[in-house]
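>>> show me how the following folds:
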Amino acid sequence: MINMLFNGVPANIMALAGLVFAFIMTCLLLVKCNDRLPKDQGREFAVNGALSAGKPRGAGFIFILVFIVSVVLFCELNTEIIIYLVLLAAAMMTGFLDDCSRAPWGELKKGLLDFAIAVMVAITFLNFNSNVVEFAIFGGSITIPPVIFGILTVVLVWVSINVTNCSDGVDGLSGTLTIITLISLYMVDQIKGMDPVFSHTILLFVICILAYLWFNATPSKLMMGDAGSRAMGFFISIAALKTGSPFIYIPVAIVLILDGGLGLLKVSLLRFLKIRILVNTRTPLHDHVRKVMGWSNTQAVFRFAIIQIMISAAVIYLIM
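Numbering: from 1, shown residues only. Sure, this is the predicted structure:
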């Protein structure tokens, strides 16, 4: 939108202005509005969960809204991106309403909402993009039948939302891992020469998370809540799809997948098939390393981040 108002201004200057705007507005609104956010009740079964009680939560509502406004103002919009922004807002709002609720929403209710959002993503993506999947690391490509591609897309979006949500339990952890994953996907886009407009939205999203982390670094002053973690997982899945190599999600988000996903797998197998796995391992893994291995919160964040950076660096090297 601003590009139209300031016609003739170099694109790189406008892009930089958008990044500065996103960071400053996120910081300002988090400072001004944090007292209006719902307060955390503390998590009964999480390691040191009681320490979070009373802190403002749901800050994701703020930085996701700033991101959406920044994209509208500083990016060239098209129908596909507009639909993704609407669905991103929906993912954020489902989380924020849960953050505001005195009684947590049930797993079934949230799972069905995630499924509905994932189906809309699959329909939108197939309408605007090819169903050809490239293997960025090994080379080559395959054409997947649209129905199968749509099912796989639903799985990707649903999994990404939920593993990212489950990884949000240590100050700065899920935000830091999300930044590493998104920057990795941005680099894949640059190497492959993918859509520059969407690539700019990735940087805007990263900037908004960085502004949030200014307040969420240990010891945190506020938390993103489900409003932030669910929206981050949603956006990661879209960024992976837009690379044209959606399977790249697995290595560039492997720490998020293992940290949040093992708990989902453990509970699902026990509940539906009565199969017990990882009996001596606490999940999410960030609870295991803190409770069993004695890591501090800062050690958990840095070491998980280091692992993901090493894996992502290897992936980028193999693609180049």
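>>> helices of the stretch 201-320 of the chain, start to end?
225-242, 249-252, 254-273, 285-291, 297-319 (DSSP state H, counting those that start in this stretch).
>>> actually, the stretch 1-150 of the chain.
Taking DSSP H, counting those that start in this stretch as the criterion, the stretch 1-150 of the chain carries its helices at 2-5, 11-33, 60-74, 79-100, 107-128, 146-166.
>>> how about those helices in TSV, adding mean pLDDT, distance to Cys208 and mean neighbour count?
Placement of C-beta: from N, CA and C, glycine included. TSV is the format used below for the helices of the stretch 1-150 of the chain (pLDDT from 0 to 100; distance: least, CB to CB, whole Å; neighbours: other CB atoms under 10 Å):
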stretch	mean pLDDT	distance to Cys208	mean neighbour count
helix 2-5	60	17	12
helix 11-33	93	5	16
helix 60-74	96	4	24
helix 79-100	96	12	20
helix 107-128	94	20	17
helix 146-166	97	15	21
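>>> distance to Leu258 for the ones you listed - can I get that in a markdown table?
Below are the helices of the stretch 1-150 of the chain laid out as a markdown table (distance: least, CB to CB, whole Å):
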| stretch | distance to Leu258 |
| --- | --- |
| helix 2-5 | 41 |
| helix 11-33 | 29 |
| helix 60-74 | 22 |
| helix 79-100 | 22 |
| helix 107-128 | 20 |
| helix 146-166 | 8 |
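>>> tell me which of these sits nearest to Ile236.
Ranking the helices of the stretch 1-150 of the chain by distance to Ile236, with CB to CB as the measure, places helix 146-166 first at 5.1 Å.
>>> helices and strands around that closest one, which ones?
Here helix 146-166 touches helix 107-128, helix 225-242, helix 254-273, going by 3 or more CB pairs under 8 Å, 6 or more residues apart in numbering; DSSP states H and E.
>>> specify the angle between that helix and helix 107-128 in degrees.
With axes from the mean of the first three to the mean of the last three CA atoms, to 10 degrees as the criterion, the two stretches helix 146-166 and helix 107-128 enclose an angle of 130 degrees.
>>> which element follows helix 146-166 toward the C-terminus?
Proceeding N to C from helix 146-166, the next assigned helix or strand is helix 173-192, under DSSP states H and E.
>>> ok, and for that following helix, which residues are buried?
By neighbour count, with 16 or more other CB atoms under 10 Å as the criterion, the buried positions of helix 173-192 are 173-189.
>>> and the residue nearest the centre of the chain?
Centroid check for the chain by CA atoms, centre = their mean gives Met232 as the closest residue, at 2.2 Å.
>>> quick one: it and Asn162 touch, right?
No: Met232 lies out of contact with Asn162 (CB atoms under 8 Å); the separation is 11.6 Å.
>>> quick revisit: what's the closest of the helices of the stretch 1-150 of the chain to Ser245?
When these are compared for distance to Ser245 using CB to CB, the nearest one is helix 146-166, at 12.0 Å.
>>> before we move on, back to that, quick one: closest of the helices of the stretch 1-150 of the chain to Pro251.
When the helices of the stretch 1-150 of the chain are ranked by distance to Pro251, counting by CB to CB, first place goes to helix 146-166 at 13.8 Å.
>>> which residues does that closest one contact?
Around helix 146-166, the neighbours that count as contacts under CB atoms under 8 Å, 6 or more residues apart in numbering are 91, 95, 111, 114-115, 117-119, 121-123, 125-126, 131, 133, 144, 174, 178, 226, 229-230, 232-234, 236-238, 240-241, 246, 249, 253, 256-257, 259-261, 263-264, 284.
>>> switch the cut-off to 6 Å
Contact with helix 146-166 is made by 114, 118-119, 121-122, 125-126, 131, 229-230, 232-234, 236-237, 256-257, 260-261, 263, 284, as judged by CB atoms under 6 Å, 6 or more residues apart in numbering.
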